[in-house]
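S.K.: got a predicted structure here, sequence first:
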Amino acid sequence: MANNSLPKQPTVPTRREFLARSSTLAVSAALGTSALVRSAHAGNDETIKIALVGCGARGTGAAAQALSTQGPVELWAMADAFADRLRGSLDALAATPNMSPRIKVSGERQFVGLDAYRQAIDSGVDVVLIAGPPGFRPAHFEYAVKAGKHVFMEKPVATDAPGVRRLLTANEEAKRRGLKVGVGLQRHHDPVYVDLVKRLQDKAVGDITFYRCYWNTAAPAKQPVKHDGLTELEYQIRNWYFFNWLSGDHIVEQHIHNLDVCNWVQGAPPVAAQGQGGRQVRTGKEYGNIYDHHFIEYTYANGAKMFSQCRQIPGCLNSVAEFAHGTRGWSDVSGGRILATGEAELRLRTKGRARAGSTGSGNPYQQEHDALFEAIRSGSDFNEAENGAHSTLTAILGRMATYSGKEVKWDQALASHLMLTTDAEDFNASAPLAANADGFYPVAVPGISIAV
């Protein structure tokens, strides 16, 4: 008879152990600086100057939230690959009530192009908001750290394993310099999530045996753009969501939130993944090379499982949620509910979650900026980069499994040299992907495509 029991929880490596293992690999090529002093923090009355790098919808929202933090703060510089996106973001921010007095972005500090991030970072700012396409985030973060800037960066923090290692390496420098780093996994700043995760870690439903998590929706908000008149690299960056080197595929770009929550409850990322996925509905050439569905079975070190689904197909069941199942009950984590055997249901959430663009004080999107800027002003420790890197790698691990059809181990994924991205800063440079004669881009084929 099969033994289906799980080892006791102490056999699970702690997050600290996982971070140490990964950081050891990452810092093998660490930035060498012999004598670094901790950055001086800004006092409550000092003006903090911000640069926004990446002026899409999420970058615009992040800027509004940063400008809504306590104390004097100014948006000093903006950078984007495209002038129209920068202008649209600036206009939207200027039209936001009470925001205009804090916007000080003169014409000479509006930087456009693939190298614009460097100019914005070097323009005399204190904090950099990194919100361009995810494939560029390791390079942008690395440059900001070298320049001694505090950082808020959106999730995911990379789209491939070399990018994750590059970011972890730069973060060792950030920690040595006392730089503050926030990452846009805002559930960590949602009081209901914080409370419920602690209860689950304290065995509110016993030992957790498996998780279920979902990011199943209809068509994504972003729609393909036309290729007319654009270079190939410019087209792919304009159409970034549908190219895995820029977005990571939607499992990395969006489902990371749900994977992050399960890892948070578990206290460590998984050790292996296997699964399946493909392009069932979204098959046109305009949709680049990403899948429209993924299913992954992740395994943690103690044998617990995480069953993960993300799908973008209209007309299907939609769900964005996380659940934890234990030996004495289960929890609807996203819904703020705990149902333990023999106990009354505990319900912690009574309203829906906040939208990404809002700036209210009870909004976790706002609270993640409040926490970062408070740490900058007080000088307290604040660095979310390692968690962001490991949640990103969890999603990349799943993508490796679905693209290849193979089981992939965590250490294999972390050590992978399969690089998807480019550091090109000229729109006339070669793009990482080339279309065939019919305009279709190469798509991963399970059983044939390499895993790592």
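M.R.: Right, received. Where do you want to start?

S.K.: export the strand ranked longest in the chain to PDB, keeping only CA atoms.
M.R.: If you go by DSSP state E, the chain has its longest strand at strand 208-217. The C-alpha trace of strand 208-217 is given here as PDB (Å, rounded to 0.1, in the frame of the first residue of the first chain):
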ATOM      1  CA  ILE A 208      -1.000  21.900   4.600                       C
ATOM      2  CA  THR A 209      -0.900  19.100   2.100                       C
ATOM      3  CA  PHE A 210      -1.700  20.900  -1.100                       C
ATOM      4  CA  TYR A 211      -2.500  24.300  -2.600                       C
ATOM      5  CA  ARG A 212      -4.700  25.400  -5.500                       C
ATOM      6  CA  CYS A 213      -4.100  28.700  -7.300                       C
ATOM      7  CA  TYR A 214      -5.600  30.300 -10.400                       C
ATOM      8  CA  TRP A 215      -5.300  33.200 -12.800                       C
ATOM      9  CA  ASN A 216      -8.000  32.100 -15.200                       C
ATOM     10  CA  THR A 217      -9.500  35.000 -17.200                       C
END
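
S.K.: that one pairs with which strands, and in what direction?
M.R.: Strand 208-217 has the following sheet partners, assigned by DSSP bridges: strand 305-312 (parallel), strand 319-326 (antiparallel).

S.K.: immediately after the last one, which helix or strand?
M.R.: Next in sequence after strand 319-326, counting helices and strands by DSSP states H and E, comes strand 329-332.

S.K.: helices and strands around that next one, which ones?
M.R.: Where contact means 3 or more CB pairs under 8 Å, 6 or more residues apart in numbering; DSSP states H and E, strand 329-332 is packed against strand 319-326, strand 337-340. All C-beta atoms are positioned from the backbone trio N, CA, C, and that covers glycine.

S.K.: could I get the ones you listed as CSV with distance to Arg137 and mean pLDDT?
M.R.: Converted to CSV, those look like this (distance: least, CB to CB, whole Å; pLDDT from 0 to 100):
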stretch, distance to Arg137, mean pLDDT
strand 319-326, 23, 98
strand 337-340, 34, 97
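
S.K.: for these, which one ends up most surrounded?
M.R.: strand 319-326 (a mean of 20; mean count of other CB atoms under 10 Å).

S.K.: so what's the gap between it and the chain middle?
M.R.: 20 Å (CA atoms, centre = their mean, to the nearest Å).

S.K.: and stretch 445-452, which residues are buried?
M.R.: 446, 451-452 (16 or more other CB atoms under 10 Å).

S.K.: would you mind measuring the gap between the ends of stretch 444-452?
M.R.: Taking CA to CA, to the nearest Å, stretch 444-452 runs 12 Å from one end to the other.

S.K.: and the contacts of it?
M.R.: Residues outside stretch 444-452 that contact it (CB atoms under 8 Å, 6 or more residues apart in numbering): 161, 276-278, 289, 291, 400-406, 408, 412-413, 415-418.

S.K.: what about the helices and strands packed on strand 329-332, which gets the closest to Ser391?
M.R.: Closest to Ser391 of the helices and strands packed on strand 329-332, according to CB to CB: strand 319-326, at 12.7 Å.

S.K.: quick one, phi/psi of the closest residue to Trp76 other than its chain neighbours?
M.R.: Excluding the flanking residues, the one nearest Trp76 by CB to CB, 6 or more residues apart in numbering is Lys49, at 3.9 Å. Lys49 has phi and psi values of phi -100, psi 140 when expressed as degrees, to the nearest 10.

S.K.: what of Leu167?
M.R.: Per degrees, to the nearest 10, the backbone of Leu167 is at phi -70, psi -40.

S.K.: of the helices and strands packed on strand 329-332, which approaches Val205 most closely?
M.R.: Between Val205 and the helices and strands packed on strand 329-332, the tightest spacing by CB to CB is seen for strand 319-326, at 3.3 Å.

S.K.: what about this protein, any weak spots by pLDDT?
M.R.: 1-42, 351-361 (pLDDT under 70).

S.K.: could I get the full set of helices for it?
M.R.: 15-26, 57-66, 83-94, 116-121, 137-146, 161-176, 191-201, 232-238, 244-247, 250-253, 256-266, 364-378, 385-404, 410-415 (DSSP state H).

S.K.: which of those helices is buried the deepest?
M.R.: helix 250-253 (a mean of 30).

S.K.: check the offset of that helix from the chain's centre.
M.R.: Counting by CA atoms, centre = their mean, helix 250-253 comes out at 9 Å from the chain centroid.

S.K.: one more: stretch 328-341?
M.R.: For stretch 328-341, the distance to the chain centre is 26 Å (CA atoms, centre = their mean).

S.K.: repeat for stretch 413-421
M.R.: 17 Å.

S.K.: quick one: terminal-to-terminal distance for that stretch?
M.R.: The first residue of stretch 413-421 is 16 Å away from its last residue (CA to CA).

S.K.: now Glu46. Nearest residue, chain neighbours left out?
M.R.: Pro72 (6.8 Å).

S.K.: give me the neighbour count for the one you found.
M.R.: 14 (other CB atoms under 10 Å).

S.K.: quick check: Trp215 touching Val261?
M.R.: No: using CB atoms under 8 Å, Trp215 makes no contact with Val261, being 11.2 Å away.
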